[in-house]
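[1] structure for this input, please:
(one chain, ligands or ions: 1)
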Amino acid sequence: MGYDKRQATEEFARWSRSYDQSVLQWLLFGPSHRAMIRRIRDRFGDRPIRVLDVGCGTGVFGERIVRSLPNARVFGMDLVSEMLRGGAARWASHEGTICPVQGDSEHLPFAPGSFDVVTCANSFHHYPDQGRAVAEMHRVLKPGGRLMLIDGYRDAPWGWFIYDVCVETVEGNVHHCSRSRLRDLFAAAGFVETEQTVHRGPAPFLLSEGVARSASTLRRPHIAVSGRAARPVASAD
Ligand SMILES: C[S@@+](CC[C@H](N)C(=O)[O-])C[C@H]1O[C@@H](n2cnc3c(N)ncnc32)[C@H](O)[C@@H]1O
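    Residues are numbered from 1 along each chain as shown. Model (predicted):
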């Protein structure tokens, strides 16, 4: 049976209270966040940037971004309200700099061309329609904006054992993409100059980065990003 959003919602609603104390913060999430922040800094330096973090959880990564890159403004989006509520104190202490939004990776509630960077950390393997999610990430990026996606690296034997055997046993039929599958998804969505970096260690991960080729013309109701807050607007013409 395929992984579905109900399963993700139940899993993360249960996990939301203890999520920030999980050993995975130390083993996997922390190192992956540091790799992503180094990459954002390499690409953008200290320029003001607008970041969408898809699958943001309780906002640990968003907080790390704004602490390391003071000119970044972050929208943290997650499917599961309980995860967003778990980060309530964090959102409050960074009000005006990080904005939490509830939404689905396959239907991003933002206008085309809203962001300089879309990040997605340790979340992509939960998405039932990964092609649709990458296309949405492309749509909300400005032309020349960058998608940085990090997730477990399962192509070598140790990574395969951790992600395809152990994680699937615990989480169900989640899907960690191979390096080549991610390249294909990026290309199909319109990303160019895709670069991929493997980070080895006890829990290896893969950072895939692509540049958005052109603005998308998809139209649907969404939230326009302006100033500090997200506001609902009608479809763009
Ligand atoms: C392992 S956590 C990672 C959280 C955070 N990105 C980090 O690195 O600490 C995965 C997150 O993805 C979210 N998620 C799962 N499916 C999603 C979807 N379809 N759209 C948006 N978020 C989703 C979960 O609710 C959860 O908060």
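[2] return the helix or strand in the protein with minimum mean pLDDT.
    None of the helices or strands of the chain scores lower by mean pLDDT, DSSP states H and E than strand 229-233, at a mean of 35.
[3] assign residue 202 to helix, strand or coil.
    coil (DSSP: H, G, I helix; E, B strand; the rest coil).
[4] which residues are contacting the biggest helix by length in the chain?
    When the chain is scanned for its longest helix (criterion: DSSP state H), the result is helix 30-44. The contact list for helix 30-44 (CB atoms under 8 Å, 6 or more residues apart in numbering) reads 49, 51, 60-61, 64-65, 68-69, 72, 116-117, 119, 121-122, 146, 148, 150, 197, 199, 201, 203, 205, 207, 209. Every C-beta, even on glycine, is put in place using the N, C-alpha and C of the backbone.
[5] mind listing which of those are in strands?
    With strands taken from DSSP state E, the overlap with these comprises 49, 51, 72, 116-117, 119, 121, 146, 148, 150, 197, 199, 205, 207, 209.
[6] need the residues that contact stretch 197-206.
    Outside stretch 197-206, the residues touching it (CB under 8 Å, 6+ apart) are 27-28, 31-32, 35, 122, 150-153, 155-156, 158-159, 162, 179, 182, 196, 207.
[7] ok, and of the contacts of helix 30-44, which contact the ligand?
    Filtering these for neighbours of the ligand using CB under 6 Å from any ligand atom leaves 60, 61, 121, 122.
[8] nearest to residue 191, of these?
    Taking CB to CB as the measure, residue 191 lies nearest residue 121 of these, at 17.5 Å.
[9] near the ligand, which residues of the protein show up?
    Checking the chain against the ligand by CB under 6 Å from any ligand atom, the hits are 5, 8, 12, 29, 54-57, 60-61, 78-80, 83, 104-105, 121-123, 126-127.
[10] check the contacts of helix 30-44 for burial and list the buried ones.
    49, 51, 60-61, 64-65, 69, 72, 116-117, 119, 121-122, 146, 148, 150, 203, 205, 207, 209 (16 or more other CB atoms under 10 Å).
[11] got the angle for the longest helix of the chain vs strand 115-121?
    160 degrees (axes from the mean of the first three to the mean of the last three CA atoms, to 10 degrees).
[12] in helix 30-44, which residues are buried?
    31, 32, 33, 35, 36, 37, 39, 40, 44.
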